[in-house]
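**Student:** Following is a predicted model, sequence given first.
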Amino acid sequence: MPKVWLITGASSGFGRALAHAATLRGDIAIATARNIDGVKDFAHRFHLDVTDPESVRHAVSSAIEAHGRIDFVVNNAGHGLVGVTEEVSDDSLRDLLETNLFGVWRVTREVLPHFRRQGGGHFVQMSSVGGIVGNPGHAAYATSKFALEGMSEALAGEVAGFGIGVTIVEPGPFRTEFAGRSLDTTEALTDYTDTPGGVLRAAFRDQDGRQPNDPTLAAEAIIKAVTSAHPPLRLPLGPEAITRIRTKLRNQLDEIDQWEALAAATRFE
């Protein structure tokens, strides 16, 4: 039987590529977006604003009513925010977290009772290499993705006994609209111009349309991983992500080794 995929943020980027890839393999891809016109070329589509609890409830219940079940949920809706920590306002941070974290939480929470009743299902949580490596100048985005990683890792342990799986996807630079229309920037403080955060700001939009990795191939890799007999908890995507995450983890282990004697001397005598 064809599997049913509920995909948020399917009007562009990874969400759109995954909806196409799922359809090509004979599955049912329910493409959702805040602007329904962005997914009008898909046979199965719903309006879904992940920042609106009622919209989330309606989309999930409509998907279940139309198709009887959901097998995969792809939490893809999100956007970026470039700016050093000092530049990020409370309102900008809240707006980012509302989509990148709370939106994922809402969709996940709404689907979980259905997954439990049907005895299985799989969440595909679209994180980033920025969910493992915090780039200077990308502090707010890293905050949202680090939080998503922690939530999803805990979730995996909570629901494994129900036959429910979780895979956290960690892409590097792919040729999506992430560095274009999906990217917000803060008002720059000139003191940071020549710092790593300022350099990232200047370079980030220059990569738009020139990223080295193909989202179509990413979608194929994601589907192959999550439909395998033993899906991974984490799936880095692209050589850049693999290299940066491996370097981060090795450096973290080296630092633990370096400071272990001091850090472990905490017992009551």
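**Tutor:** Yep, it's here.
**Student:** Mind checking what secondary structure the nearest residue to Ser144 once chain neighbours are set aside has?
**Tutor:** Sequence neighbours aside, Asn100 is the residue nearest to Ser144 in space, at 3.6 Å (criterion: CB to CB, 6 or more residues apart in numbering). Where C-beta positions appear, they are placed from N, C-alpha and C, glycine not excepted. Three-state assignment for Asn100 (DSSP: H, G, I helix; E, B strand; the rest coil): helix.
**Student:** residues in contact with Asn100?
**Tutor:** Applying CB atoms under 8 Å, 6 or more residues apart in numbering, we find Asn100 in contact with Gly78, His79, Tyr141, Ser144, Lys145, Leu148.
**Student:** what's the distance between it and Asp184?
**Tutor:** 12 Å (CB to CB, to the nearest Å).
**Student:** Gly130 reaches His138, doesn't it?
**Tutor:** Yes: under the criterion of CB atoms under 8 Å, Gly130 makes contact with His138 at 5.9 Å.
**Student:** Thr247 in helix, strand or coil?
**Tutor:** The three-state label given to Thr247 by three-state DSSP is helix.
**Student:** Can you report how many residues neighbour it?
**Tutor:** Around Thr247 there are 11 other residues, counting by other CB atoms under 10 Å.
**Student:** so how far is stretch 97-112 off the chain centroid?
**Tutor:** The chain centroid and the centroid of stretch 97-112 are separated by 11 Å under CA atoms, centre = their mean, to the nearest Å.
**Student:** now do stretch 81-100
**Tutor:** Offset of stretch 81-100 from its chain centre (CA atoms, centre = their mean): 16 Å.
**Student:** List the buried residues in that stretch.
**Tutor:** For stretch 81-100, burial by neighbour count (16 or more other CB atoms under 10 Å) applies to 81-84, 87-88, 92-93, 95-97, 99-100.
**Student:** How about stretch 149-169?
**Tutor:** Neighbour counts over stretch 149-169 (16+ other CB under 10 Å) mark Glu149, Met151, Ser152, Leu155, Ala156, Val159, Ile164, Gly165, Val166, Thr167, Ile168, Val169 as buried.
**Student:** Ok, stretch 110-123 next?
**Tutor:** Buried, per 16+ other CB under 10 Å, within stretch 110-123: Glu110, Val111, Leu112, His114, Phe115, Gln118, Gly121, His122, Phe123.
**Student:** can you give me the mean pLDDT across it?
**Tutor:** Mean pLDDT, computed over stretch 110-123, is 98.
**Student:** can you list contacts of it?
**Tutor:** With CB under 8 Å, 6+ apart as the test, stretch 110-123 has contacts from 6, 56-57, 60, 64, 69-73, 75, 108, 152, 155, 159, 162-167, 226, 231.
**Student:** Apply 10 Å and report the result again.
**Tutor:** For stretch 110-123, contacts defined as CB atoms under 10 Å, 6 or more residues apart in numbering pick out 3-6, 53, 56-61, 63-64, 68-75, 104, 107-108, 152, 155-156, 158-159, 161-168, 226-227, 231.
**Student:** Asp214 contacts Ala17, doesn't it?
**Tutor:** Yes: counting by CB atoms under 10 Å, Asp214 does reach Ala17; the two are 8.7 Å apart.
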